[in-house]
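Peer 1: Need a 3D model of the following:
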Amino acid sequence: MSTATYKALVATKFTGNTADYRIIDMPRPKITKETQIEVTVHAAAVNIIDPYRAMGMLTVVLPEAPPVKFGYDVAGIVTQVGSKVKRFAVGDRVYGCLNSDEIGSVGEYVVTDEKYMAPIPADSVDYTVAASVPLAGLTAKQALDAGGAHEGQTVYVTGGMGGVGMFGTFLARHYYKAKDVITTVSTAKVEHAEKMGAATRIVDYTKDKEYAKTLENTADLVFDSIGDKSCYMVAKPGSTVSSVALIPDGNNMDKMLVESMPLSWLGWLKLAVAKQSMNVAKWRATAAFRAKNVSYVHVFGVPNGKEIEETFNPFLANGLLKPYIQDIFPFTEEGVKAAYDKCLGLHTTGKIVIRIRD
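Peer 2: This is a model prediction of the structure:
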């Protein structure tokens, strides 16, 4: 018999201070749709979007009120299924990225539509490893797709050992079969990038302050994972910069809307103003891109369980993909606060994961 409540991490008010984060008892989520599954969470990854939501920065597209739950990435075991679930059964090990109206993987249970989940491909893949992949991996995959990644290219990835950049370098080399993959990292991350084995050229930006000029006009595609304003210099004229961190395209903000969190008329007005402001900022910030005839696209990652399965499962199963996990924290108030403090430092290596249960 299931319990009526469960423990989850929340911000009890909009705040930028992790000292205000709390693990509280909440009503246990219930399956309300025939295609939903309940997952008993074993691990959840930390992403910068969580503290940004806790600050209230995304209320223009996600009109939520405190308590704000944390966690998109989840890995665990299916414990209940809806009547029309086809892909999973009770007892299956799964991982995935939750939709915006299902957020809360930093907690004991989640309920999600089966379409957002993928099977963990092998018993050898630990829950913490599986949890590190979905949001960052999908974001990198979808950004490379948007930039037109294909075999034989030279691809430049900014921040190749950040949470998203790590997957960008890997996918460019092994999924898209780029001829060369160039990436920039700090001195402290060079060894990690070498061990990942995806980049054919690693540039230490700590030592080479003029790295953009050093690499000028070498890339057929630039994947910007960190918001590097000089990345266009590395792109060849006529090529593309695909970014997840520089200047968003206001028109893409609609992709973050969810049907179960409808905007009021005032909300729609605020969104329209935000989109216009964003597009003006993008136009100004990419003037040098246009002058060089370099296209610019911005991507928001979109949850998709089958895309996770098709893209990452083969590499996880054969052991080629070994995401670097910088730290694993326990599911305690002290542990989760430390995890998000580290995330907010913005210079993490690879991913940070919270172990919910063994």
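Peer 1: use CA for all of it now, contacts and neighbours both
Peer 2: Noted.
Peer 1: can I assume Asp123 sits in a helix?
Peer 2: No. Checked against DSSP: H, G, I helix; E, B strand; the rest coil, Asp123 lies outside a helix; its state is coil.
Peer 1: Show me the contact partners of stretch 194-203.
Peer 2: Stretch 194-203 is contacted by residues 169-170, 173-174, 180-185, 190, 193, 211, 322-324 when judged by C-alpha atoms under 8 Å, 6 or more residues apart in numbering.
Peer 1: Most neighbours among the residues you listed, which one is it?
Peer 2: Among those, Thr169 has the most neighbours (other C-alpha atoms under 10 Å), with 31 neighbours.
Peer 1: picking that back up, and the contacts of stretch 194-203, which two are the farthest apart?
Peer 2: Tyr211 and Lys322 (27.5 Å; C-alpha to C-alpha).
Peer 1: Enumerate the positions of the worst-scoring helix or strand of the chain on mean pLDDT that are buried.
Peer 2: The weakest-scoring helix or strand in the chain, judged by mean pLDDT, DSSP states H and E, is helix 265-285 (a mean of 87). Residues of helix 265-285 classed as buried by neighbour count (16 or more other C-alpha atoms under 10 Å): Gly267, Lys270, Leu271, Ala272, Ala274, Lys275, Met278, Asn279, Lys282, Trp283.
Peer 1: With just CA atoms, put it into PDB.
Peer 2: Only the C-alpha atoms of helix 265-285 are listed here, as PDB (Å, rounded to 0.1, in the frame of the first residue of the first chain):
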ATOM      1  CA  TRP A 265      -4.200  37.400 -20.400                       C
ATOM      2  CA  LEU A 266      -1.600  39.400 -18.500                       C
ATOM      3  CA  GLY A 267       0.700  36.400 -18.700                       C
ATOM      4  CA  TRP A 268       0.400  36.400 -22.500                       C
ATOM      5  CA  LEU A 269       1.100  40.100 -22.600                       C
ATOM      6  CA  LYS A 270       4.200  39.700 -20.500                       C
ATOM      7  CA  LEU A 271       5.300  36.900 -22.700                       C
ATOM      8  CA  ALA A 272       4.800  39.000 -25.900                       C
ATOM      9  CA  VAL A 273       6.900  41.800 -24.400                       C
ATOM     10  CA  ALA A 274       9.600  39.300 -23.200                       C
ATOM     11  CA  LYS A 275       9.800  37.700 -26.700                       C
ATOM     12  CA  GLN A 276      10.100  41.100 -28.400                       C
ATOM     13  CA  SER A 277      12.800  42.200 -25.900                       C
ATOM     14  CA  MET A 278      14.700  38.900 -26.400                       C
ATOM     15  CA  ASN A 279      14.600  39.200 -30.100                       C
ATOM     16  CA  VAL A 280      15.900  42.800 -30.000                       C
ATOM     17  CA  ALA A 281      18.800  41.700 -27.700                       C
ATOM     18  CA  LYS A 282      19.500  38.700 -30.000                       C
ATOM     19  CA  TRP A 283      19.700  41.000 -33.100                       C
ATOM     20  CA  ARG A 284      22.100  43.300 -31.400                       C
ATOM     21  CA  ALA A 285      24.300  40.600 -29.900                       C
END
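Peer 1: With that, I have no additional questions.
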